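Q: fold the following.
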Amino acid sequence: MPSFKVFEIAGAGLSAQSVRLNTVASNLANADSVSGDPTTVYRARHPVFQAVRAAVAGALAQSQTAPSVRVSGIVESNAPPTVRNDPGNPLADAQGNVYAPNVNVIEEMTDMISASRAYQNNVEVMNTAKELMLATLKLGQ
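A: Sure thing, here's the model as predicted:
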């Protein structure tokens, strides 16, 4: 595998974790929003990652794609919204209910920490590869 493939692989990881961080931020930003209709309330979103595999081991050297990860889509949660009785709310329906998103703030914060650490790990991989390449170049001096 060529030396520069490590940057492609880590870059794909950075991109995927960036999408994950953005969806978590969107979920947290909408956690306290309410709606008068359960069909229009915000639903938590989560990215779906897909492994991208290179060609079989024997043809890996000729392969144009490095094994990596990509975001194949973003899915909405199927969990029902939380129903709150709040007749004073201007968005309340005829029964006085408002509907809150199915966002669990604790799970989202945990996911954010995990995505942030994975992002940092990919940055470290790139920095380590860069340092190793520079050290290799210095051997010839």
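
Q: right, and Val52 touches Val71 too?
A: No. Val52 lies out of contact with Val71 (Cβ atoms under 8 Å); the separation is 10.8 Å. The way it works is simple: take the backbone N, C-alpha and C, and place the C-beta from them, glycine included.

Q: so for these two, which residue has more residues nearby?
A: With neighbours defined as other Cβ atoms under 10 Å, Val52 and Val71 compare such that Val71 has more, 17 against 14.

Q: and the residue nearest in space to the middle of the chain, which of the three is it?
A: Geometric centre of the chain, nearest residue: Arg20, 1.3 Å, by Cα atoms, centre = their mean. When states are read from DSSP: H, G, I helix; E, B strand; the rest coil, the local structure at Arg20 comes out as helix.

Q: check contacts around the nearest residue to it once chain neighbours are set aside.
A: In this structure, Arg20 finds its nearest non-sequential neighbour in Ala115, 4.2 Å apart by Cβ to Cβ, 6 or more residues apart in numbering. Ala115 sits next to 17, 20-21, 24 when contact means Cβ atoms under 8 Å, 6 or more residues apart in numbering.
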